[in-house]
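okay, predicted coordinates and the sequence, questions at the end:
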Amino acid sequence: MSSENVVDTIYSNLSAMTQTDKKIAQVILKNPGNAVNYTISELAAKAAVSEASVSRFCKNLQLSGFHQLKIELAKVSDDESNYYKVINIDNIQQAIANIRDNKNAEITNTLNSVSTPTIKKIMRLVQNAHILQIAAEGNTFPVVADAAYRFNQIGVLSICSESWQTSIGQTLNLTDKDVLMVISNSGESKSLLKQIEVAKKQGMKVIAITNRNDSPIALEADIHLRTAVRQRVLQSEYYFSRVAAMTAVETIFLLLIAENRERLSKIMDHETIISDTKV
């Protein structure tokens, strides 16, 4: 396993886990602090799986075994941002507070995983791109649209299309002076992997933003930024939260402005031009 938070690792792999691994993951994620004190037999019993299944679960997380799992959990068990807070509609105000805490955890854990060398390299690629193409699928596209809007505001010519067929057509017209940024929750989209393949043939550099360092898209990209999710529905499923991906994009955007304050004037020029369209 990499140096990343083991709880983030479990969350990022959750959708691709076997049903047996998901059972173990849910017990751990419910309370990482309690899980630290379980024996392998206790964890197996609570998850209704075999001890051998727990050992396989650890191996699947690239851990040496159950002992290392406990060590990694002990490192993060005191941090409340590693706990998912259940949303119970019977208490609206508490549910709202729990949603707030879960979203704060996504932001905190996303930003905590960003290294200086990685973000600097991404900033260089974005600001030096002749054209920045941004691509995603399905319910991730609003993140792409927001990113294109932001980067165009600060002078980075950015393009995107909700239609993958149109987007891949755009890629075919780009060159080695351009950059492709791919945003994907799972990092497993066949269409986006095909687009990365096309971009590389064009000589383009590829930035990936996904929830898993070992996802196919992350591994194919030249540089990867990992996001963290904490949102779930029911007890065992989770869905893509745009907050983490938006956070990653906005971080790049704000750092580019901080690096060059002249970019603020471009935002002001844009806002002035579009102000006449506002009531």
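Happy to help now that I have it. Residues are numbered from 1 along each chain as shown.

all strands of the protein, in order?
132-135, 158-159, 179-183, 205-210, 223-226, 232-233, 237-238 (DSSP state E).

Throw those strands into JSON lines and include mean pLDDT, thanks.
Listed next are these as JSON lines, based on pLDDT from 0 to 100:
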{"stretch": "strand 132-135", "mean pLDDT": "98"}
{"stretch": "strand 158-159", "mean pLDDT": "98"}
{"stretch": "strand 179-183", "mean pLDDT": "98"}
{"stretch": "strand 205-210", "mean pLDDT": "96"}
{"stretch": "strand 223-226", "mean pLDDT": "95"}
{"stretch": "strand 232-233", "mean pLDDT": "46"}
{"stretch": "strand 237-238", "mean pLDDT": "46"}
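
ok, which of those strands comes nearest residue 121?
strand 223-226 (5.4 Å; Cβ to Cβ). Every C-beta, even on glycine, is put in place using the N, C-alpha and C of the backbone.

now for that closest one, which elements pack on it?
In terms of contacts (3 or more Cβ pairs under 8 Å, 6 or more residues apart in numbering; DSSP states H and E), strand 223-226 is packed against helix 116-128, strand 205-210.

just say which of these is most tucked in.
strand 205-210 (a mean of 25; mean count of other Cβ atoms under 10 Å).

which strands and helices sit next to it?
Using 3+ Cβ pairs under 8 Å, 6+ apart: strand 205-210 touches helix 116-128, strand 179-183, helix 190-201, helix 216-220, strand 223-226, helix 242-259.

neighbouring strands - and their directions - for that strand?
Paired with strand 205-210 in the same sheet, following DSSP bridges, are strand 179-183 (parallel), strand 223-226 (parallel).

using CSV, write down the CA coordinates of the first one.
Going back to what we said before, that points to strand 179-183. Coordinates of each C-alpha in strand 179-183 appear next as CSV, following Å, rounded to 0.1, in the frame of the first residue of the first chain:
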residue,chain,number,x,y,z
VAL,A,179,-3.0,18.9,-22.3
LEU,A,180,-5.9,16.5,-21.5
MET,A,181,-7.3,16.6,-18.0
VAL,A,182,-9.5,13.5,-17.2
ILE,A,183,-11.8,13.5,-14.1
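
since that was my last question, I'll sign off now.
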